[in-house]
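Enquirer: Mind folding the following:
(3 chains)
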Amino acid sequence: MNTTGSLWKRSVNGRTALLYLLPSIILFSVFVFYPMFRTIYLSFFLTDQAGNAAINVGFENYQYLLGSSEFQNSMKATILFVLYTVPIGIILALFFALLANEKLKGIGFFRTMYSSTMGVSVAASSVIWLFMFNPSIGMFNRLLQTVGLPQIQWLLDPEWALLSVSMSTIWMNVGFSFLILLGGLQNIDEHLYESSRIDGAGYFYRLRRITLPMLSPTLFFIITISLINAFQTFGQIDILTKGGPSQSTNLIVYSIYREAFVNYQFGTASAQAVILFVIILIVTILQFKLGERKVHYQ
Amino acid sequence: MKTSLPAKIWLYFLLIVTSLCVFFPVLYAFMISFMTGPEIIQGRFFPQTFNLENYTKVFDRLPLLNYLLNSFIVSISVMLGQLVVCSLAAYAFVFFKFKGRDFIFFLFISTMMIPWEATMIPNVFTIRKLDWFNTYQGLTLPFFALAFGTFLLRQHFLTIPKELHEASQIAGLSRFKFFWKVVLPISKTSLVTLGAYGFLTTWNMYLWPLLITTNQSVRTVQIGLKQLQSQEIATEWGVVMAGVIVVIIPTLLLLFIGQKQLQKGLSQGALK
Amino acid sequence: MKKVELINVSKSYDKQVDVISNINVTIEPGEFFVLVGPSGCGKSTMLRMIAGLEEITGGTLKIGEQIANNLSPDKRDLSMVFQNYALYPHLTVQQNITFGLDVKRMKKDEQKRKAAEVASMLGLTDYLARKPRELSGGQRQRVALARAIVSETPICLMDEPLSNLDAKLRAHMRSEIRRIQRTLGITMIYVTHDQVEAMTMGDRIMILHEGKIQQIGKPIDIYNHPANPFVATFIGSPPMNLAKAVLDETTEELVVENELRIPVPGMERSKLPSHGMTVGIRPESILPLTPEQTGGVKLEVTTTNVEVLGNETIFSFHVGTEEWMAKWSGQWHIGIGEQLPVWLEFDSLSIFDGEEGHLIKKTVDQSHHVVQQEVVE
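Expert: Take a look at the predicted model:
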């Protein structure tokens, strides 16, 4: 009830609202905002074993990182990984979604198949792919053998390891992207297609002039999410390669994990975490800046 | 729209081939889980017999039942926690007018831009300070607040006509009762979507349980898989795959049942 | 039954200009009071202030004898029917009807009895177990009505409750709502933008425009004696014909649009100002000229549009820059562009002040009375 009484009385709405928001605010403060600032703070320090800030070193952690070949390598691997996984993953998911958007008998079954990888955890998929990549009894090398091609040390060859991890990652993420894109496709007004049919437009013309423009908000969303997810990859690295061989798959999150919880270098780990944060911030902002102009919203 | 017969055949062909490719790894794991060591080395696709030996073995090697139970407890707690925390926040954003609402909403949205991995180091210390290593609360509580969930529910709450709120005010319904008796029942579909999403992501969570479980007491199945794989490598793949199948069955089932719902709910939450 | 009194009530947002100002009115117990005006005139805001859904920024609201400015909506002892009905989609018709009773913790069987009673009054008995989405628009409207009635509050507020129904159903519901209001004797405050609804339903109506009261009164009085040109054109269909006019002192004629000259009877002349005026005449007061006709002002008009509606004929023509309409009962064969002799009387003119807009001269009472009660075969 609104009253024209005192400030205390008038703010009753705000105070009750705060009560409803309190759980979220507390949790966000403790587990998101505080640790974010703490991470930034720690990135300027050398730390002891317990993670307490010991010596203020200013930007030295960053300088050290930028100069270290290990970190440069990790950045290079991460960027390559993103480039390998995101475009192909989305194009595949889009292709599946277009197929699964046709009105055919039994289409529900196919939709379930395509989305199934979303129900398989990163750990489980990594274990399955680890077996498929197995050089002696894995499926891939057996296939190569039957075709008469030379065997590949999928996860053990520095040339191939990142590609192999990327392949498995594309598979892991395709279910989620598919589900989102299919949802986007089904939101497109059927009448648009009907009127274009009356105009005699062919399949690819419709795809180019109706489907993709109308789908652009969804595509935009899934591209952003996929980029962010790719930068955050951890589980498959931990199970498939442990960052090796010769650090060729040492993606940034794995590198942070190693630095912090294996080497106990919380200062440099924090500096890497801040860099990760900045990268994701830039990606999101760029996406929104570019997306706003190009995306066609209904 | 009508599709011509040749187009139909071509479509079915593509659908079958591609969907089989996508589902193949799971199917393959399923087959391997019934095979004996020699069969696997022979490189067969179908096992000779569907015997469950690998399954009994995997439950012997690992406290898998215990891990499954832990995973269920953790996933359901996070699911319920998210539903409560997010729906309360979304309700405040939609049905209260107050100063600073837009600012707080912006703060919520901004948490989506902070990758969880960038904050994990201090979070581990926080959990250590609270002495929450190897506890359910340590595994679950940090995930109760979820900007995406709040946003998803907010979008749904916004579609509730404000007259419903006014009619309830005239009838004398309190703010909380309106939330409980009207808003939540009307938003059942979004709650189900968010619930399924929360369960799925928590069940599949890997890095956080890896960091804060140091013994078997509350360890989840995903970490169990890592344990299994590092113990059994190159020896008994059948047992490992049996473990994999056991771990993915709950989420696959959930996905098969809720696929339509998830697809609708998530794409709506993503866009509007 | 309770009265509702608004004293100097006003409403502003963020301390800016008043969207509603100077509202003074007493709605009597048991009265059917209609608030009518074009969209955006503030009528809904006013209703919502009475309901307690909108803060009153100035003045006093009294419900019964109690000052109600700061009472929460549920303490005001009123019910409300919304334009979109505001039915709870997850509850059955029965639960929707008893929702308010349940909040007030009435016993379950008592609730059931009351719901059954109201449902039979509104013909909803067969639908009690259904959900709102399984009902037609008209049925939903009835559920909303039932929910208001069952609460047995002395005051009922309705915000354009019929605007989502088709024309036929709307006409039917008009009389039904009126009937229920009479039987239960509730004080009804009814908001609409439809002047037909206002005319046919209200004991009294209030016309609002840009947040200000234009006129309050019985529908027929407002029709006959509109307080200003806005009311004159808002009430009545087709609206009253208006035109600028000045008094020609030498010939003692009213000159309308430099074209039409109407002699002013001697006793009226002193009332008319020397500056500009607006004259108005109802379309039905422009009459067909017959050879026997002697008095009045005769004029020849050229029709610009003709509509034959079965039992009446409406045609338009120009008077200076204004387009006027005339309404004749019966079917008339008139072509567009045809010359037509018509006549009108000074008595049937409404004259408004050209600057302030207030009514200077009323029309003379032309209503008919039934003299003989019997009909002889």
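Enquirer: which residue sits closest to the residue nearest the centre of chain A in space, ignoring its chain neighbours?
Expert: Nearest to the mean C-alpha position of chain A, by Cα atoms, centre = their mean, lies A:N229 at 1.0 Å. Spatially, and ignoring its direct neighbours in sequence, A:N229 is nearest to A:N173 (6.6 Å; Cβ to Cβ, 6 or more residues apart in numbering or on different chains). C-beta: built from backbone N, CA, C; applies to glycine.
Enquirer: tell me the contacts of B:S19?
Expert: A:F96, A:F110, A:M113, A:Y114 (Cβ atoms under 8 Å, 6 or more residues apart in numbering or on different chains).
Enquirer: which secondary element of the chain has the worst mean pLDDT?
Expert: Using chain A. Ranked by mean pLDDT, DSSP states H and E, the weakest helix or strand in chain A is helix A:7-10, scoring a mean of 64.
Enquirer: sorry, should have said chain C
Expert: Per-SSE averages on chain C (mean pLDDT, DSSP H and E): minimum helix C:266-269, a mean of 80.
Enquirer: Identify each buried residue in that one, please.
Expert: The neighbour-count check on helix C:266-269 (16 or more other Cβ atoms under 10 Å in any protein chain shown) flags C:E268 as buried.
Enquirer: now stretch B:141-158
Expert: Result for stretch B:141-158 [16+ other Cβ under 10 Å]: buried residues B:141-157.
Enquirer: next one: stretch C:325-334
Expert: In stretch C:325-334, counting by 16+ other Cβ under 10 Å, buried: C:M325, C:A326, C:K327, C:W328, C:I334.
Enquirer: picking up where we left off before, pretty sure the residue nearest to the centre of chain A sits against A:I170.
Expert: No. In this structure, A:N229 is not within contact of A:I170 by Cβ atoms under 8 Å, at 11.6 Å.
Enquirer: returning to what we had before: and which of the buried residues of stretch C:325-334 is nearest chain A?
Expert: Using Cβ to the nearest Cβ, C:M325 is the member of the buried residues of stretch C:325-334 that lies nearest chain A, at 41.0 Å.
Enquirer: Can you name the residues of chain B sitting close to chain C?
Expert: Within chain B, the positions near chain C by Cβ under 8 Å from any Cβ of the partner chain are B:161, B:163-164, B:166-167, B:169-173, B:177, B:182, B:185-186, B:188.
Enquirer: Just among these, which is most surrounded?
Expert: Highest neighbour count within the residues of chain B next to chain C: B:A167, with 29 neighbours (other Cβ atoms under 10 Å in any protein chain shown).
Enquirer: give the contact list for that one.
Expert: Residues near B:A167 by Cβ under 8 Å, 6+ apart: C:M80, C:F82, C:A86, C:R147.
Enquirer: Please produce CSV containing those residues, extended by pLDDT, neighbour count and secondary structure.
Expert: Formatted as CSV, those follow (pLDDT from 0 to 100; neighbours: other Cβ atoms under 10 Å in any protein chain shown; DSSP: H, G, I helix; E, B strand; the rest coil):
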residue, pLDDT, neighbour count, secondary structure
C:M80, 93, 31, strand
C:F82, 93, 21, coil
C:A86, 91, 21, coil
C:R147, 92, 27, helix
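Enquirer: So which of those residues is the closest to C:I23?
Expert: Closest approach to C:I23 among the contacts of B:A167 (Cβ to Cβ): C:M80, at 18.7 Å.
Enquirer: ok, now which ones touch that closest one?
Expert: Taking Cβ under 8 Å, 6+ apart, we find C:M80 in contact with B:E166, B:A167, B:I170, C:A51, C:A148, C:C156, C:L157, C:M158, C:D159.
Enquirer: Show me which helix runs longest in the chain.
Expert: As the question left the chain open, I've gone with chain A. Taking DSSP state H as the criterion, chain A has its longest helix at helix A:69-100.
Enquirer: that answer is for a different chain, and I need it for chain B
Expert: Assigned via DSSP H, chain B shows its longest helix as helix B:237-271.
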